[in-house]
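# I would like to see how this sequence folds:
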Amino acid sequence: MSVVVPVFLGVPLRFAPKAEWVLRTLLAARGAQPEPVYEDERAAECALAYATRPVPGVPTIPASARAHELIAADGALPHGSFALNDTEVGALAGAFAFGDGVDADAPAGDADTASGADAATRDAGATAFAAPFDVIASAFVLLACWDEHTSLERDPHGRFPYEASVFVAEPALDLGEPVVDRYLKLVARLVDEGLTRLGREPLPAVSWETGGEGEGETTAGRFALALTHDVDGLKRWTARGWLAAGKRTAGALRHRNLPKARFEVGAMAHAVTRDIPTGEDPYWTFPQVLRREDDLGVSSTFFLLASHAAVIDGVQPRVYQRRLPRLLRLLRDARREVGLHGNDRDRLDGAALADDRRSLAERAQVPVDGMRYHYLRCLYHETLPLLDAAAFAYDSSLAFAEREGFRCGVSFPFHPYDLKRDRPLDLVELPLAVMDSTLQEKKYRGLDAAGALPAARATLEKVRDGGGGTALLWHLNRFHRYVGLGYGDVYWQLLDWARAEGGTLLPAGELVRRWRARAGETTL
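Below is the predicted model:
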């Protein structure tokens, strides 16, 4: 059962649901949940306050009128909104800063507040806010993907591009730094201070190992990684595959790209001498991956296409559907979680989405509760509500294909916010921190295996430091001895590193279930 923390909210009524959501998101990561308090006479009973003026004796996060007005007006975040601020937890990037602890744009007495409190009364005896900027509004614009909401920019795949994101527009922010984790650290410190003042125990340490509340610091289960695999193809060396390899080789020679030509010729030679004689294929590395994971005592999630609706879903749909039953038997015998790899139609059509989910569940003979969209073709404010309406338990699609890191500034699961209905979704978003394609493909980072390992580890170190829980994505062709170019070794090295650092390795659905349990929610 999670800890209940009374929090005073002295903010405009229109922003109150958003503030509650941010606080619930932050505190859930520490196994707690807020009890919103709006009555001015009860403010002193609270462990934390979020208000336009400091509450005497209660650690108060400043509420910015500028932030509330911007969000109410659906305004784009002005460039330069985020800046580094000195805080109790070090330098911290935040927006809507206050000069000397006072919001110059805030009215002296805002009657349109959720508490109806008198600002002068709350200000009596108070000296300063407990933070130099509006932590809650700053977290909101990141967790709600406000940049995507206020921009029409989309890439050729219909995704919101990294170059149009707040992480490029705001130099103080870094995609590789989950700044919301740092907000949590600051808020937790303030809550602990308030709880101590109230004669209560501070927030508990939480272990991912058990999914429950722990005592003191722990090493086992100090962070969690969901091991996931997207299954985009099931056989490379078909007649069409050979023809495509020949065309790529000819094109490489035509453009005098000798390294690429050598690679393609080498792949075909490897197929003739190794793959075909042994019945292997670059897209069918499941047996060795499952054996290796079993030897390590870990399990993973496989996201599978239920159908093909467009060319972008895959160029060999008949081969995929013909081999899919064999794969499903293999995964069922190995007791692996199966999720839906949403196709082009599944991100737009609720009926098609329901049909694909039902079809995959019937063939797999297991429930299908999780989603990751093919090519990460998922828009926060359009696609996620569709999944929520279909009663999916979780999604793990929110990431930039161009860069590894933290799309929503956070390394732990959360309920996305539905701006149209002004409420959080029941759907849980499991952040995708590292994807092999991001690291390897030339159009993205273009790293070899030697460069991919430190890049991926640097991102996962942030998950470790914040006690987060995120997803790691590795495609099956990366495990092939030739075609994978050593990327399979990177995966196993990352798993070894995570275990040595006290990480818990889980399937995606289990990680989400543990997060919901520690947040005091109904489990999956």
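
# Report the buried residues of stretch 504-523.
Neighbour counts over stretch 504-523 (16 or more other Cβ atoms under 10 Å) mark 504-519, 521 as buried. Placement of C-beta: from N, CA and C, glycine included.

# Next: stretch 373-382.
For stretch 373-382, burial by neighbour count (16+ other Cβ under 10 Å) applies to Y373, H374, Y375, L376, R377, C378, L379, Y380, H381.

# Among those, which ones are in strands?
Those of these mapping onto strands are Y373, per DSSP state E.

# Columns pLDDT and distance to R329 on top of the buried residues of stretch 373-382, output as JSON lines?
Output for those, formatted as JSON lines (pLDDT from 0 to 100; distance: Cβ to Cβ, whole Å):
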{"residue": "Y373", "pLDDT": "98", "distance to R329": "25"}
{"residue": "H374", "pLDDT": "97", "distance to R329": "23"}
{"residue": "Y375", "pLDDT": "96", "distance to R329": "27"}
{"residue": "L376", "pLDDT": "97", "distance to R329": "28"}
{"residue": "R377", "pLDDT": "96", "distance to R329": "29"}
{"residue": "C378", "pLDDT": "97", "distance to R329": "29"}
{"residue": "L379", "pLDDT": "97", "distance to R329": "35"}
{"residue": "Y380", "pLDDT": "98", "distance to R329": "36"}
{"residue": "H381", "pLDDT": "97", "distance to R329": "38"}
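
# among the buried residues of stretch 373-382, which two are most distant?
For the buried residues of stretch 373-382, the farthest-apart pair by Cβ to Cβ is H374 and H381; their separation is 19.6 Å.

# Not counting its neighbours along the chain, what's nearest the residue sitting nearest the centre point of the chain?
Residue closest to the mean C-alpha point of the chain, counted by Cα atoms, centre = their mean, is P431 at 1.3 Å. Leaving aside its chain neighbours, P431 sits nearest to T470 (4.6 Å; criterion: Cβ to Cβ, 6 or more residues apart in numbering).

# For the one you found, the count of nearby residues, please.
When neighbours are counted by other Cβ atoms under 10 Å, T470 registers 27.

# How about E193?
Neighbour count of E193, defined by other Cβ under 10 Å: 17.

# Ok, D346 next?
29.

# what does G266 give?
12.

# quick one: it and Y482 touch, right?
Yes: with contact defined as Cβ atoms under 8 Å, G266 reaches Y482; the gap is 6.5 Å.

# Need the overlap of contacts for those two.
Common neighbours of G266 and Y482, counting by Cβ atoms under 8 Å, 6 or more residues apart in numbering, are absent.

# Can you identify each of the strands in the stretch 51-200 of the chain by residue range?
With DSSP state E, counting those that start in this stretch, the ranges of strands along the stretch 51-200 of the chain come out as 60-62, 83-87, 90-94.

# out of these, which comes closest to S437?
Nearest of the strands of the stretch 51-200 of the chain to S437, taken as Cβ to Cβ: strand 90-94 at 28.0 Å.

# neighbouring strands for the closest one, and are they parallel or not?
If you go by DSSP bridges, strand 90-94 pairs up with strand 83-87 (antiparallel).

# Quick check: buried residues in the strand it pairs with?
By neighbour count on 16+ other Cβ under 10 Å, the buried set for strand 83-87 is A83, N85, T87.

# Just give me the neighbour total for the residue nearest to the last one when sequence neighbours are not counted.
In space, and not counting its chain neighbours, T87 is closest to L186: 5.7 Å by Cβ to Cβ, 6+ apart. For L186, the neighbour count with other Cβ under 10 Å is 20.

# now swap in S396 and tell me
30.

# I'd guessed it sits against D369; true?
No: using Cβ under 8 Å, S396 is not in contact with D369; the gap is 11.6 Å.

# Overlap of the contact sets of these two?
Common contact partners of S396 and D369 (Cβ under 8 Å, 6+ apart): G339.

# follow-up on the earlier one: need the contact list for the residue nearest to T87.
L186 neighbours (Cβ under 8 Å, 6+ apart): T87, E88, V89, L92, A131, V135.

# my guess is T60 contacts V135, does it?
No: assessed by Cβ under 8 Å, T60 is found out of contact with V135, at 10.9 Å.

# So which of these two has more stuff around it?
For T60 versus V135, neighbours defined as other Cβ under 10 Å are more numerous around V135 (31 against 28).

# neighbours of D294, just the number please.
12.

# sorry, back to before: out of the strands of the stretch 51-200 of the chain, which comes closest to A51?
Checking these against A51 by Cβ to Cβ gives strand 60-62 as the closest, at 5.8 Å.

# by contact count, what packs against that closest one?
Contact analysis of strand 60-62 by 3 or more Cβ pairs under 8 Å, 6 or more residues apart in numbering; DSSP states H and E lists strand 48-51 as its packing neighbours.

# Please repeat the previous calculation with a cut-off of 10 Å.
Packed against strand 60-62, as judged by 3 or more Cβ pairs under 10 Å, 6 or more residues apart in numbering; DSSP states H and E, are the following elements: strand 3-10, strand 48-51, helix 135-143, helix 179-197.

# deepest of these, which one?
Highest mean neighbour count among the helices and strands packed on strand 60-62 (mean count of other Cβ atoms under 10 Å): strand 48-51, with a mean of 28.

# Return it as CSV; C-alpha atoms alone will do.
Extracted in CSV, the C-alpha atoms of strand 48-51 (Å, rounded to 0.1, in the frame of the first residue of the first chain):
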residue,chain,number,x,y,z
LEU,A,48,4.1,20.1,0.7
ALA,A,49,2.4,23.1,-0.9
TYR,A,50,2.1,24.3,-4.5
ALA,A,51,0.9,27.8,-4.4
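
# any idea how far H149 is from A76?
9 Å (Cβ to Cβ, to the nearest Å).

# related to what we said a few turns ago, any shared contact partners between T60 and V135?
Among the neighbours of T60, those also in contact with V135 (Cβ atoms under 10 Å, 6 or more residues apart in numbering) are Y50, F129, L190.

# Am I right that the last one is in contact with I136?
It stands for L190. No: counting by Cβ atoms under 10 Å, L190 stays clear of I136, with 11.7 Å between them.

# Just give me the neighbour total for A269.
For A269, using other Cβ under 10 Å, the count is 11.

# Same check on V319?
Neighbours of V319 under the rule other Cβ under 10 Å: 18.

# One more: Y38?
Neighbour count of Y38, defined by other Cβ under 10 Å: 17.

# the bottom helix or strand of this structure by mean pLDDT?
Lowest on mean pLDDT, DSSP states H and E among the helices and strands of the chain sits helix 119-123, with a mean of 37.

# Tell me where this protein is predicted with low confidence.
Scanning the chain for pLDDT under 70 picks out 1, 99-127, 210-220, 523-524.
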